[in-house]
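Enquirer: Sequence plus predicted model, see below.
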Amino acid sequence: MFSFLQKPYPSKLGLKNGIQSAFGVSLFMVIFFLVFKPFGLGNLPTGILFKVVLFFSLVNAVATFLVIYGFSFLFPKFYNEDDWTIGREIILFLVLFLFISGGCSLVNIFYDFMPANFNTFLRVFLYVLAFGILPVGFSIMNKYNSQLRKNLAEAQAINQALSKGEQNISKEKANLIKLHSDNKKEELLLNVKQFYFAESAANYVTLYYKNENAIQKQMLRTTMKKISSDLEGNSQIIRCHRSFILNLNHVEKVVGDSRAYEITMKDNAGKIPVSRSYIPTIKSVLNIP
C-alpha cells in the first residue's frame with residue numbers, strides 16, 4: 001500500500017490550475033445545491049435560495065484556491081511538482097474536503113441552518129466525503145493511468161528515434177565551446193562532442209564532459225541562463241529541465257512514468273530528469289510527430 005502511495009503522479013498546481021479549480025468547484029456547487037437542495041435549502045424562497053447558493057459557491061471557491069495554489073507559498077516542499085505522488089494527491093484532496101466542509105459549515109451557521117458546534121462540521125464533512133470520495137478516487141486513477149500510457153508511448157518513440165539515428169540534428173562540427181564563470185576567472189574549453197550535460201544548483205552549475213575516455217565534471221559559479229548562452233547554436237544541446245541541459249547525442253535511453261521522464265546518459269555519466277513541458281522540444285529536435 002505504501003509503495004502505491006509513493007508512485008509518481010502528474011500534477012499541475014500553479015496559479016492557472018488554482019483559478020480553474022476554484023471556478024470548477026464554484027460551478028459544481030451552484031448546480032449541486034440547486035438540484036439536490038441539501039441542508040434544508042428546499043424550504044427557502046427562490047430568491048433567497050439563489051443568494052445562499054452563490055454564497056456557498058463563493059466561500060468554497062476561495063477555499064479551493066487556497067488549497068490548490070495559495071498554500072504552496074507556505075508549504076513549498078510539499079507542493080513541489082517534481083516530487084508529487086499519488087499519496088500527496090490524496091492528501092491534497094482530503095485537505096480540500098476539509099476546507100470545503102469548513103466553508104459549508106460557516107455558511108450553514110451564518111444562516112442559522114445548523115448550530116455552531118463541532119457536530120455541524122463533522123456532519124458536513126461526512127456529507128462531503130460521501131459525495132466526493134468515489135468521483136475523486138476514479139479521477140485520480142484515471143489521470144494516473146492515462147498519463148502513464150502517454151508518457152510510456154512518448155518515451156518509446158524517443159528511444160526508437162535515438163536508436164535509428166533519425167535525429168533532425170545538424171552534424172556536430174569540431175567547433176569549440178567556452179563555458180565560463182560569472183567573473184570569467186574560471187572557464188572550461190571543450191569540443192562540443194565532449195559535452196554531456198550541465199546541472200544547476202543554487203549559484204553553481206556542474207558541467208559533465210568526456211575527457212581521455214572518462215567522464216569528468218567541473219563546477220562553475222554561474223547561472224543556467226549564461227551556460228545556455230554559451231552553448232547557443234548547437235542544435236543537439238537542449239534544455240530538458242529547469243536544472244539540466246543535455247547533449248542529445250549522448251542519450252542512452254529515455255524512461256517514462258506517470259509524472260515525467262528520466263534520461264540515462266551514455267558512459268554512465270548519470271541520470272537526468274525531464275520535465276513534461278520540455279518533451280515537445282525534444283520530439284521536435286528528433287523529428288518525432
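Expert: Noted; the coordinates are in hand. Bear in mind that the values here come from a model prediction, so they are computed numbers and not experimental data.
Enquirer: and for stretch 95-108, what are the contacting residues?
Expert: Contacts to stretch 95-108, defined as CB atoms under 8 Å, 6 or more residues apart in numbering, come from residues 25, 39, 52, 55-56, 59-60, 62-64, 66-68, 113-114, 120-121, 124-125, 127-129, 132. The way it works is simple: take the backbone N, C-alpha and C, and place the C-beta from them, glycine included.
Enquirer: Give me the buried subset of the residues you listed.
Expert: 25, 39, 52, 55-56, 59-60, 62-64, 66-68, 113-114, 120-121, 124-125, 128, 132 (16 or more other CB atoms under 10 Å).
Enquirer: Could you verify my assumption that His250 touches Ile263?
Expert: No: under the criterion of CB atoms under 8 Å, His250 is not in contact with Ile263, lying 9.6 Å apart.
Enquirer: Flag the shaky bits of the stretch 1-150 of the chain, pLDDT-wise.
Expert: Along the stretch 1-150 of the chain, the parts satisfying pLDDT under 70 run over 1.
Enquirer: beta partners of Asn247?
Expert: Note on Asn247: beta-bridge partners Ile237, judged by DSSP bridges.
Enquirer: ugh, wrong one, Lys210
Expert: Beta-bridge pairing for Lys210 (DSSP bridges): Ile215.
Enquirer: and it, how many neighbours?
Expert: Lys210: 18 surrounding residues under other CB atoms under 10 Å.
Enquirer: Mind listing residues that contact stretch 132-144?
Expert: Here stretch 132-144 makes contact (CB under 8 Å, 6+ apart) with Lys7, Tyr9, Pro10, Ile86, Glu89, Ile90, Phe93, Phe97, Ser258.
Enquirer: Out of those, who's the most crowded?
Expert: Neighbour counts for the contacts of stretch 132-144 peak at Tyr9, which has 23 neighbours (criterion: other CB under 10 Å).
Enquirer: so who does that residue touch?
Expert: Taking CB under 8 Å, 6+ apart, we find Tyr9 in contact with Trp84, Thr85, Ile86, Arg88, Glu89, Ile140, Lys143, Tyr144, Ser258, Arg259.
Enquirer: What of Arg239?
Expert: With contact set as CB under 8 Å, 6+ apart, Arg239 has these partners: Met224, Ser228, Ile245, Tyr278, Thr281.
Enquirer: Quick one, which of the residues you listed are buried?
Expert: Applying 16+ other CB under 10 Å to the contacts of Arg239 flags Met224, Ile245, Tyr278 as buried.
Enquirer: quick one: which of those residues sit in strands?
Expert: Counting by DSSP state E, the buried ones among the contacts of Arg239 place Ile245 in strands.
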